[in-house]
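Undergrad: Provide a 3D model corresponding to the input given below.
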Amino acid sequence: MKLSIIILAAGLGKRMRSELPKVLHPLANKPLIRHVVDGALALKPHSLHVVYGHGGDQVRATLSEFPIHWVHQAEQLGTGHAVAQAMPDIIDDSMVLVLCGDVPLITAATLENLCSQADNNSLGILTVELDNPQGYGRIVRNAAGEVERIIEEKDADAAIKQIKEINSGIFLIPAAHLRRWLGSLNNDNAQGEYYLTDIVSLAVAENIPIFTSAAHDVYEVMGINNRVQLATLERQYQKQQAYELMLDYGVTLHDPSRIDIRGSVEAGHDVAIDVNVVFEGEIKLGNKVKIGPNCIIRNATIGDGVEVLSNCVIENVVIGDNCKIGPLARLRPDTVLADNVHIGNFVEIKKSTVAKGSKINHLSYIGDTEIGTEVNIGAGTITCNYDGTNKHKTIIGDKAFIGSDTQLIAPVTVGAGATIGAGSTISRDTPDDTLTLSRTPQSTVPGWQRPIKK
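TA: Numbers count the residues shown, from 1 in each chain. You can find the predicted model right below:
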């Protein structure tokens, strides 16, 4: 079966009360329509078409990396009109799957189940039963249980509104039939629009078989029209992500309702994650990793046995095995820590490598630096890497000891085994295995008295 997919994404979304097109609002840090496109591409379609309207340049720019046929709907005259705009680019011997750009949690498994029931002479509808179906079109069946038509909420009488089975807006339709039916639609309804749902009555009139397929979960077919619905689906998505971590990887979550995953997380065995941790981008956690509360971790690879204490921010880094980070540490992009490294509280590291067994435990800034093995860096040490125009590098040799409150003015090299006295400002290279310091000699003034206020 050749599958052509049409994603409807032309709506403004007035109830979002935003200048941003509705389909570009983020769920788990990814635009709503990107969730739909990812699910669509998982089906390996013959062609993918996106019907856009409001904010079209932004929508196209957001999805520029994907093989999409773009279709502009200049006037939003209803779902039937939107689908009709895409039909000139769709071949007659394909099945057309219609998706909605504001229904982000639809899964590839549910869509595959719908497609598996199709043939070239049947109309498929994805439906679900809701306890409160208000706002949705109702599936109207005859006494034999066969679908007769779909009636939109605004056109429904009191009896129709009692029906709980609703139309998800997702259809699977033979292209040749769809092309013919779209030409027969009219806008004689409460909204003055061309409804795609009216093709159901046309199919019944032609004795075309109609089948329905149920979504696995009601959240899969929920659309987003306002901020409350967006927040509801965000929480549902995060719940799903949390359960997958626990079931697929055996991760211990101290509270599954207080974790946010805005990307993908892979984890080894016996990983434990405390509350209010945010993961963004691609995350890989080794075996027996422990993440403390209130951490933000973005695009990171973290080795076995690592402990990240509370309130750390980690971004675009690689951390070796058995390291200890934090609390209140910040690891910035292009930082690489080898095994058994300790990074303590109020330490910031950027674009630096720290070799095995080295320690930076307190109140330090390390930028553009290569640190050797078993180096100890004292509290208050900073590498002065920026001269106002260019960044410069600091190199610290193996087993060096940097005393507290030291400034290393780059470019500079501290020799292997060197010791830097506390309170020093180092602006020239220091030799191996020697003590280097720069201090004004201490003096005491005999007989001096502190002034007394009169």
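
Undergrad: mind checking how far Asp398 is from Ile371?
TA: 9 Å (CB to CB, to the nearest Å). All C-beta atoms are positioned from the backbone trio N, CA, C, and that covers glycine.

Undergrad: any shared contact partners between those two?
TA: Contact criterion CB atoms under 8 Å, 6 or more residues apart in numbering; residues shared by Asp398 and Ile371: Ala355.

Undergrad: Counting neighbours, go ahead and name the busier of the two.
TA: Neighbours per residue, other CB atoms under 10 Å: of Asp398 and Ile371, the larger number sits with Ile371, 28 against 18.

Undergrad: My read is that that one contacts Gly357, right?
TA: No - because the distance of 10.4 Å does not satisfy CB atoms under 8 Å, Ile371 is recorded as not touching Gly357.

Undergrad: Provide the backbone phi and psi angles at Ala158.
TA: Dihedral pair for Ala158: phi -60, psi -40, per degrees, to the nearest 10.

Undergrad: scratch that, Gly303
TA: Backbone geometry at Gly303, expressed as degrees, to the nearest 10, gives phi -80, psi -180.

Undergrad: measure the closest residue to it other than its chain neighbours to Ile349 for me?
TA: The shortest distance from Gly303 to any residue other than its chain neighbours is 3.9 Å, reached at Asp321 (CB to CB, 6 or more residues apart in numbering). The span separating Asp321 from Ile349 equals 18 Å under the rule CB to CB.

Undergrad: ok, those two, which is more surrounded?
TA: Between Asp321 and Ile349, counted using other CB under 10 Å, Ile349 has the larger neighbour count: 28 against 19.

Undergrad: Let me see the contact set for that one.
TA: For Ile349, the contacting residues are 329-332, 335, 343, 360, 365-367, by CB under 8 Å, 6+ apart.

Undergrad: Can I get the buried part of these as one PyMOL selection?
TA: Typed into PyMOL, the next command selects the buried ones out of these (criterion: 16 or more other CB atoms under 10 Å):
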select buried, resi 329+330+331+332+335+343+360+365+366+367
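
Undergrad: Ser201 contacts Val140, doesn't it?
TA: No - Ser201 is not in contact with Val140 according to CB under 8 Å; the separation is 9.6 Å.

Undergrad: shared neighbours, these two?
TA: With contacts defined as CB under 8 Å, 6+ apart, the residues adjacent to both Ser201 and Val140 are 148-149.

Undergrad: and the residue nearest the centre of the chain, which of the three is it?
TA: For the chain, Arg262 is the residue whose C-alpha lies nearest the centre (CA atoms, centre = their mean; 3.1 Å). Assigned state for Arg262: strand (three-state reduction, DSSP: H, G, I helix; E, B strand; the rest coil).

Undergrad: Check the contact between it and Leu27; I expect there is one.
TA: No - Arg262 is beyond contact range of Leu27, at 9.1 Å (criterion: CB under 8 Å).

Undergrad: So in terms of bridging, what pairs with the residue nearest to the centre of the chain?
TA: When bridges are taken as DSSP bridges, the partners of Arg262 come out as Glu280.

Undergrad: got the contact list for it?
TA: Applying CB under 8 Å, 6+ apart, the residues near Arg262 are 28-30, 278-281.

Undergrad: Neighbour-wise, which one of those leads?
TA: Ranked by neighbours (other CB under 10 Å), the contacts of Arg262 are led by Phe279, which has 25 neighbours.
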